[in-house]
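Engineer: Pasting the sequence and the predicted model now:
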Amino acid sequence: MNHYFFLLKQAWGSLRQKPGFLVTVVVTMGTTLGVLLCVLTLAYLLVLQPLPYPEQDRLYNVTHAMGDKSKEAPPKAFTYPGLIHLYKNQQLFEKTALLQYAEDILTSLPNQPTLNTGYVTPQWFELLGATLKMGRLFEQTEALDTFNPVAIISYKTWRQEFASAPDMLDKKVSFSGVTYRVVGVLSKEFVEPQINQVGKDVGIWFPWDYNFDVPLKESWGYMSPASIFVGKLKVGVSASNAQQRLTPLVNDTWAEHVASIPFFSGWSIKIELEPFQTVVMGESKNTAFLLLAGVLGLVLIAFANIANLFISRTAEQRRPLAIRAALGATKSQLFRELLAESGLLMLLSVLLALVIASLGFSLLQSYMSSVLPRVDELRMNTITLVAAVFCAVLFAFLFAFLSRRAINYQTLNSMLQSSGKGTGVQVSKLFRQSLIVSQVAIATVLVFVNISLFKQAIGTITEPTDFSVENMSQISLAVSASQVPPPEEVSAVMTELKKKLLELPQVESISQSVSVLDRFGLRALIAVTSGESFTLESKHVSNNYFQMMAQPLLEGDYFSDTDIKDGTQVIIVNDVFAKQLSPDGSALGLQVSPPSSRDRLTIVGVVKGVKMPAQTDIPMRVYTPLNLAPTQMTLKLQEGQSITREQVVSAIKGVSNLYALFSLQTLTEVKQRRLFTQYTSAITTSALTFITLFLAGVGLYGILSYSTQMRRFEIGTRLAIGAKRSDVIKLIVKDNAAMILLGMLTSVLVLLALYLGFNDNLNAYLSNNLVFVFVLTLVPIALLSLFACYWPLRKYINQPVVHSLRGSD
Amino acid sequence: MSDIKIQMKNISKVFETDELETHALKNINITINSGDYVSISGPSGCGKSTLLSILGLLDMPSGGEYFIEGTNVTDLSLDEAAEIRNSKIGFIFQSFNLIDELSVFDNVALPLRYKTKVPSEKEISDRVHECLELVDMSHRTSHKPNQLSGGQQQRIAIARALVANPAILLVDEPTGNLDSKSGDQVMDVLEKLNECGTTICMVTHDPRYADMANIQLKLLDGSILTTPELQEAV
C-alpha cells in the first residue's frame, strides 16, 4: 500500500512540474467525459431505464382506429360513448383509467394563472403508483358519473401557486365556473408520464366527469380525439390477444349505433394496444443513439489527442526513464509508474467530468424538457458513477499502455552512454505527419460545417422582417363560465375591454385581432374572372391591423371602419397572391369568391407579403375584415413600457366576471419561441466550433510538441551557430506547413465528397458565401496551427541556448 | 601587438534552485588575444562547460563583465546574443551537433544563412568550399553527416565553425567522441588553423591535448588556478 502511495506522490510531484500538461489533460478529458457521462445517463434513461410505475411492462395505451378499408392510416380516436362502453365492459385489464388533457384558468387566484389540467377516473393514480404530500387520491366517490367537484394538485402547483400552503386541503379552486375542493397534493417524487406532450406536466387533476367532451356523451358518430384509455393487462393476457378480444366488444356496439348513418357504411373499429413505454418515450430512442454516436466521436478525438500528449510527455521524460531502467526498473515497474501518473490525471478528469455532467443535466432540464421525455428524472445515478469509474480506469490503463509502448526498453539504457543520438522513445515521422493531416482535416471540416450552420441560424434570427414586434404584446381571454356566451356578446365585452385597456397610460393602441405572428387559417377561394381556384392562408383583421404591425400597404387602401362594422364583402391580399391573380397589372378591384357561395369579395388593397420567423418563403395570403371582435387582441405599448398580468386581469374584471386572462405575452417572446430551433442551433454550433478548435489545438500541440522535443538538439545547435528566434520559428512553421496545407486540402476533398454524396440534403445550406465561410474557417485553423508550432518552441528559444544543448554531450 | 579578442572581468555564475545555490564560476578574469590558442582544463564539475557556455553566449553570467572585440556582451537580449554568436563565435561541440537532414554543404553553409545580410549563393558556395578545403573535406559536400565517420563529422563541424569568419573558435572536448587516430587528426587541423592566425579556446580534460595550447588555464571549483600573464606568453 505504501508503495502505491509513494508512486502516486511521485506522480503528483512530477505532474506539478508540468501544469500546462496537467491542465490540458484534465480539461480535455474532463469536458469530454463530462459530456459522455451526461449523454450516457440520458441514453440509459431513454432506452433502458424502466418507467417508474409498478409493473410498468403491463401498462398499455389503448387506441381506437376508425375507418373504412380504403384508409391506410385511419384516425386513432375514440367516440365518447365507445370509450365509456369499453371502460365499463372490458374484462382483460386489471385496472383501467380514462384520461383527458386541457388547459384552464384558475380564476379564484388574483393572478389567474393558466394551468394544464387533467381529467381522470380514480384508478389513474393507482396505475402510476402515485404518492401524496397530503390528502387523498381519487376514490370511488369520484367514479364515473358521480360529479364530485374535488381536485388534486401537483407538487409544483402547490409550491408555485399556493406558496406551499399547509392548509391546502381546506382550500377551494375555481375553473370555468366550477368550484372544486382540493383533496390532495401529489408528492414531489411523483413523476407524471408526459403522454400528452413532452415537457408539459399537469398542474391540477379533476374527476373525469368534468372533461370538456361530456356533451358528446351520446354521439356515436363524433370523435373525441383528446380521450385516452390506459390499462394494466391481467397477468397471462397478451397484447395481441387483448386486441383481438376488445375489437369486437367495441366495434359491434358502435356498428349497432351508427347503422342508421349511411356515411359510416363499410367502416369498422380496430382496437390496438401500444406499450406505455413506447407512448411515453416516442422517438426519443433515436435521439439518444444519435447523441451517443456524436459524443463517442468527440471522445475518440479527445482520446487521440491526449494519447498523443502522453506519448509526447514520455518522449520528454526519456532521460529519467532511462535512468530508472539503468537502475534496474523492469518494464512492468515502469508501466506502474506511468499508470500512477495517468491514473491520477484520469481521477481528476472524472471528478471534473461529474461536475460537468451535473451541469449538463441542469442544462438539459432547462432547455430540452419540451423536446426530450423524462429529462426531469435525469440525475446522477449508479449508471453515471459506474460509467465514471469505468472511464477513469479504462483511460488510465490505455494512456499508460500507449506511453509504455512508445518506450523502446532495449535502447533506453544505451541513450545514457550514447551521444544523444540514441532515442529510447520514438514515434515514427509518418505517424506524426498523418496525425497532423488528420487533425487539420477533421477540424477544418467540423469548423466549416458548424460555421455554415451557425451563419444560417444567425441569418434567420437577425433577418429583418417587414413587420414590427417592438413594444407589442398579445392577450388572449377565456370564458370562465360553463356556458360560452354568443359571439355578439363576446364582441361587445371585448370592445369594452379595449376601451378599458386604452385608459392604461402605457397602452398606445390596440388591434382587436390576433397578432402578425399568429397562425393563419386555410381557405379556398376562386378567382371570379379566370375561375382558377386557390388555397390560401387567411386571417380576419381589424381596421388598424396593418398600420399597427407596420406591414406596408403597396396599393389601394386599408379596411375602413364601415368595412369592419358591416362586414363588407372586401378583401386585402398580399403581393404574392396579387401577382398570381394579375401578373402584369394591378389586382385592385378584382373579385374572388368562396367555393359554393355567391359572395363576391372585392380586392381593395394589396399589402407586402411578410415572411414569418424561420420560414423560407412567403405564401399567398388574404385578409378579411373582422366585424365581431374575438377574444384575442394585440397591444402596442409606449416605448420601454410593459404591462403586467395583474393590470390586464383588473381591466377584465372591470368589464365582466365571465372572462379570465388565458395568456399575455410579448410578441418578442413569441418570435423568439418560433426561432427556438435557430437559437438552439446557433448556441450548439458555436459551442461545437470552440470545442473542435480546442481539441484540434490540443491535438496539434501534442504532435508538434513531440516533434519539437525530438529536434531539441538540432534547435539548440542552430541557435548556437547564430540562428535568431524568428529563424527557428520560421523553420518549424515551414517544416509543418506542408502537412497543415495537406490537411486543409483533404478537408476540401471531404467536403466535396459530402456535397456530391448528399447533394439533395445539403442544398438548403449552400449559399454563395461558402468560399467566404471556408476562408473564415481557415483563419482560426491556420492561427491555431501557428500557435501549435510556436508554443512548444518557446521553452527552447526564450532561454539561454545552453538549456537546449544540455544533455547532448 | 596585442589585439584583444575576448576579455572577461570578474565573471561569476551561480545556479539557484529552491534549496541551494551552486557557485559554478567565481571571479573569472580572462583575456584572449588574437591568434591565441587557449586550453581550459580541470576535473569534472570544475565549471569548464559553464565557462565555455558563457564564453559562447549560450548562457548568461550572474556577475562580471564580458567583452568580445571590445564590445560589451554581458547583457544582451537573446536575439542580440544570436547575432554575436553568428558573426563572432565559431562553435565546435563534442558531439559534433551536425543536422542529419542537411547535406555536408548545407550544414557548413548554415551560419551564413542566419546572417543579418545573407550573402549571395555564389559567395556562400565559395566560402563553404574554402572552409571544407581547410579541413580537407571538400570531396564530401553532398554527403549526409551520418554517412561520415566521427572524425570526418568533427572536421565538418570545424568547417561550419569557421565559415562566418569568427573572432574566436570555441571548442568543447573536440575529441571526446573520437578514437585516438581521428582525435589526433582533428587536433592537427586545429593546430594548423591556429598557425594560420585563428584564435582558439578549447575545453578539454585530456592533458595531452591541453599541452598543445600555448596558454593553459586550469579550472578548479569554479576558479582559475593560475592566470599566466597572457601578454608575456605571446
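Structural biologist: Okay, I see it.

Engineer: Show me which positions of stretch B:203-218 end up buried.
Structural biologist: For stretch B:203-218, burial by neighbour count (16 or more other CB atoms under 10 Å in any protein chain shown) applies to B:Val203, B:Thr204, B:Asp206, B:Tyr209, B:Ala210, B:Met212, B:Ala213, B:Asn214, B:Ile215, B:Gln216, B:Leu217, B:Lys218. (C-beta placed from N, C-alpha, C; glycine too.)

Engineer: just curious, which of those is nearest to chain A?
Structural biologist: If you rank those by distance to chain A using CB to the nearest CB, B:Val203 comes first, at 10.7 Å.

Engineer: what's across from the closest one in the sheet?
Structural biologist: Legend: beta-bridge partners of B:Val203 under DSSP bridges are B:Ile40, B:Asp172.

Engineer: Tell me the secondary structure at the residue in chain B that chain A sits nearest to.
Structural biologist: Going by CB to the nearest CB, chain A is nearest to B:Asn86 of chain B, at 2.3 Å. Classification of B:Asn86 using DSSP: H, G, I helix; E, B strand; the rest coil returns helix.

Engineer: quick one: pLDDT of the nearest residue to it once chain neighbours are set aside?
Structural biologist: Closest residue to B:Asn86 in three dimensions, ignoring its sequence neighbours and counting by CB to CB, 6 or more residues apart in numbering or on different chains: A:Gly722, at 2.3 Å. Model confidence at A:Gly722, given as pLDDT, is 87.

Engineer: Now for the closest residue to B:Met60 other than its chain neighbours: which residues touch it?
Structural biologist: Spatially, and ignoring its direct neighbours in sequence, B:Met60 is nearest to A:Pro800 (5.8 Å; CB to CB, 6+ apart). By CB atoms under 8 Å, 6 or more residues apart in numbering or on different chains, the contact set of A:Pro800 is B:Ser53, B:Leu58, B:Asp59, B:Met60, B:Leu78.

Engineer: try 6 Å this time
Structural biologist: A:Pro800 makes contacts with B:Leu58, B:Asp59, B:Met60, as judged by CB atoms under 6 Å, 6 or more residues apart in numbering or on different chains.

Engineer: phi, psi of it?
Structural biologist: phi -50, psi 140 (degrees, to the nearest 10).

Engineer: can I get the buried residues of stretch B:203-218 in TSV with distance to A:Leu132?
Structural biologist: Output for the buried residues of stretch B:203-218, formatted as TSV (distance: CB to CB, whole Å):
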residue	distance to A:Leu132
B:Val203	90
B:Thr204	94
B:Asp206	96
B:Tyr209	98
B:Ala210	99
B:Met212	103
B:Ala213	101
B:Asn214	106
B:Ile215	102
B:Gln216	101
B:Leu217	96
B:Lys218	97
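
Engineer: Would you report which members of those are assigned to strands?
Structural biologist: B:Val203, B:Ile215, B:Gln216, B:Leu217, B:Lys218 (DSSP state E).

Engineer: ok so, going back, neighbours around the residue nearest to B:Asn86, how many?
Structural biologist: 28 (other CB atoms under 10 Å in any protein chain shown).

Engineer: Surely it and B:Arg85 touch.
Structural biologist: Yes. When contacts are counted by CB atoms under 6 Å, A:Gly722 is listed as touching B:Arg85 (4.6 Å).
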